[in-house]
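Trainee: fold the stuff below for me.
(chains A and B)
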Amino acid sequence: MAFNSIETTGLTKVYSTSFGRKKVEALTGLNLNVSPGTIFGFLGPNGAGKTTLVKLLLGITFPTSGSAKILGEDISGYKIKSRIGYLPENHKYPPYLTGGEVLDFFGKLSGMEGDPLSKKIDELLELVNLSKWKKTKVKNYSKGMMQRLGLAQALINDPELIFLDEPTDGVDPIGRKDIRDILTELKTRSKTIFLNSHLLSEVELITDRVGILNRGKLIREGTVKELTQKGEEYKLNLEGSSVESFIKQYQDNFQISKLNDGYFTLKVSHANELNSILDKLRSEGIMVKEMVQQKNSLEDIFISLISESEKGGAK
Amino acid sequence: MKNIWTVTWYSLREALARKVFIFFFVISILTIVFVALILNLTGIEKVFAPGVQPDLFNAVNTLEMMFISPITLICLLLSIFSSASFIPIMLEKGNIDLLLSKPISREQLLLGKFFGGILVVLLNIAFLIIGVWLIFSFKFSIWNFEFLITIFTITFIFSILYSIIVFFGIITKSSTLGMMIAYLLFLIVSPALYTAKYKFALFIQNNIIKGVIDFAYYILPKTSELMGKTNYDLASGHGITNYQPVLTSLLFLVLTLGISVAIFRKKDF
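Mentor: Next comes the predicted model:
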């Protein structure tokens, strides 16, 4: 039976502080579905509840109300975790262990042993470029190396669902690209990746769907394209002696406005209208040198949604 | 079971990485060397008062206990100190998240850590006691195998104290309180309760105070008696002459550990 990799229904977590006098709602009635084989980016400002959700799904914290399933099973059981990988944000490994021993420990806890585990350790260290450091104690690893080791650890049991909390934190640009490539490769192997990250430009590059969380509430969810496109708005670079007169002639008919250096923005209601305008431009002898559909960056959308949400919350 | 063993084994690794256990090991070696030198430099006739013809078996046993008792006491104190941080370190953010994300139950995780601490002490105490026992046994050709039971009684005492450390470690995520209470119980409360109940009972007239002493005596572990009389009786081949301290202490251990597991199972991290 087909099931979502992650399904939450009304998932709520309320933390009590100061001996129960103060209540903090970290997550409020979250309904979320993540399809198998996708990379899902979970975004939100600090304290939005992103890590709380991952902790609830992994049984590190318990829900106050609501329910959740991962890989079709209720989150209350621990055996399902043999099919899950997790890289926490501030992971700590025993400093007296070597990189290889760290993977051995977590591999054994994931139910692996013997030759398959040894082979997997070597394969993963190779994948994250740490083969040379296999026998070096992790206390001598740099932040970037720890992060790569963390990724190897999250993959040790060949999981179907992988939770990554800030996986590129502290990693240099080349290392970040390597990690992105690994994640993309994992996706081709039908793995589901749940990615918590502040690096919106990276999330934009690799995720299929994105959820934006603020103050424990999911305020928007969709594909990156859905979230970032501005509708039918295009930036055109036009060249020809009749450009100015064309604009004057048609500016009441189309939403076209001049930018600079031959660039114009054009808003149309649908693609057919765009085609007829392009036909008219050509018939007037105007050359369309460049045409780009306009879109927001994920960062623009993120900031705008969070600001709107904050204003809404303040009312 | 495999999960428990994995955590236990890596707890042993954690312990070996700490200098205090190396110190513990060095003390054990020094003790063994010291015992060997003493026995080689002096004969038993010089150890006992001139003219006394001791029962050699009992004399050897007494000597063994004489050497072992203070050293095991120091080793126990060191063990409490060194193992106190096992649980708080496990509960640190970034560490516990990772452990709980693996297919291991919380019970298995906590028990693995508990047995890890015990295994470390068992190995250290076994090394010390077997070392001393071998030297005495070769020297006097008296092989008092019962003496080796002290390995288990001392490990048992440690496991009781360690259960207290685990309990407070789970609640406070710190080693300080658990360590202080373990030391307090081991060094002051248990000897004081034993003395109050058995040595000064006649002098205590107030029934309420008597009742409080009795209550505290029975519900708290009797590390003082286990370390003294029970240990000595077992080492000298008399067996357990009074089961009450052993059973009530065992009950305390099981309850403390059980409550710790119950709290740990429900705790948010």
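Trainee: if I look at residue B:182, what pLDDT would I see?
Mentor: As predicted, residue B:182 sits at a pLDDT of 93.
Trainee: same thing with residue B:140?
Mentor: Residue-level pLDDT assigned to residue B:140 equals 80.
Trainee: in space, what's closest to it - neighbours in sequence excluded?
Mentor: residue B:60 (5.1 Å; C-beta to C-beta, 6 or more residues apart in numbering or on different chains). Yep, even glycine has a C-beta here, placed from its N, CA and C like the rest.
Trainee: what's the answer for residue A:44, then?
Mentor: Nearest to residue A:44 is residue A:213, by C-beta to C-beta, 6+ apart, at 3.7 Å.
Trainee: which SS state does the one you found fall under?
Mentor: strand (DSSP: H, G, I helix; E, B strand; the rest coil).
Trainee: around it, how many other residues sit close by?
Mentor: Residues near residue A:213, counting by other C-beta atoms under 10 Å in any protein chain shown, number 26.
Trainee: check residue B:173 too.
Mentor: Using other C-beta under 10 Å, residue B:173 has 17 neighbouring residues.
Trainee: what does residue A:225 give?
Mentor: By the measure other C-beta under 10 Å, the count of residues near residue A:225 is 9.
Trainee: and the gap between it and chain B?
Mentor: The gap separating residue A:225 from chain B is 32 Å, by C-beta to the nearest C-beta, to the nearest Å.
Trainee: quick check: closest non-adjacent residue to that residue.
Mentor: residue A:295 (8.0 Å).
Trainee: just confirm the residue nearest to residue A:44 contacts residue A:219, I think it does.
Mentor: Yes: between residue A:213 and residue A:219 there is a contact at 7.0 Å, judged by C-beta atoms under 8 Å.
Trainee: residue B:57 touches residue B:144, doesn't it?
Mentor: Yes: with contact defined as C-beta under 8 Å, residue B:57 reaches residue B:144; the gap is 6.8 Å.
Trainee: looking at the two, which has the bigger crowd around it?
Mentor: Taking neighbours as other C-beta under 10 Å, residue B:57 and residue B:144 compare with residue B:144 leading, 18 against 13.
Trainee: can you pull the contacts of that one?
Mentor: Residues in contact with residue B:144 (C-beta atoms under 8 Å, 6 or more residues apart in numbering or on different chains) are B:57, B:60-61, B:64, B:133, B:136-137, B:235-237.
Trainee: ditto for residue B:267
Mentor: residue B:170.
Trainee: re earlier: what's the neighbour count on the residue nearest to residue A:225?
Mentor: Using other C-beta under 10 Å, residue A:295 has 16 neighbouring residues.
Trainee: and the pLDDT at it?
Mentor: For residue A:295, the predicted pLDDT is 77.
Trainee: now residue B:153
Mentor: Looking at residue B:153, its pLDDT stands at 91.
Trainee: doesn't residue B:230 make contact with it?
Mentor: Yes: at 6.3 Å, residue B:153 counts as touching residue B:230 under the criterion of C-beta under 8 Å.
Trainee: who has more neighbours, the two?
Mentor: Shown here are residue B:153 and residue B:230; by other C-beta under 10 Å, residue B:230 has more neighbours (25 against 21).
Trainee: my guess is that one contacts residue B:243, does it?
Mentor: No: assessed by C-beta under 8 Å, residue B:230 is found out of contact with residue B:243, at 9.3 Å.
Trainee: re the thing from before, list the contacts of the residue nearest to residue A:44.
Mentor: Neighbour list for residue A:213: A:42-44, A:48-50, A:53, A:219 [criterion: C-beta under 8 Å, 6+ apart].
Trainee: out of these, who's the most crowded?
Mentor: Ranked by neighbour count (other C-beta under 10 Å), the contacts of residue A:213 have residue A:53 at the top, with 30 neighbours.
Trainee: which element is that residue on?
Mentor: Using DSSP states H and E, residue A:53 sits within helix A:50-57.
Trainee: for that helix, packing partners?
Mentor: Packing partners of helix A:50-57 (3 or more C-beta pairs under 8 Å, 6 or more residues apart in numbering or on different chains; DSSP states H and E): strand A:6-17, strand A:22-34, strand A:39-43, strand A:65-70, strand A:161-165, strand A:192-196.
Trainee: and it, which residues are buried?
Mentor: For helix A:50-57, burial by neighbour count (16 or more other C-beta atoms under 10 Å in any protein chain shown) applies to A:50-57.
Trainee: among the contacts of residue A:213, which pair sits farthest apart?
Mentor: Across the contacts of residue A:213, the longest distance by C-beta to C-beta is 14.0 Å; it joins A:53 and A:219.
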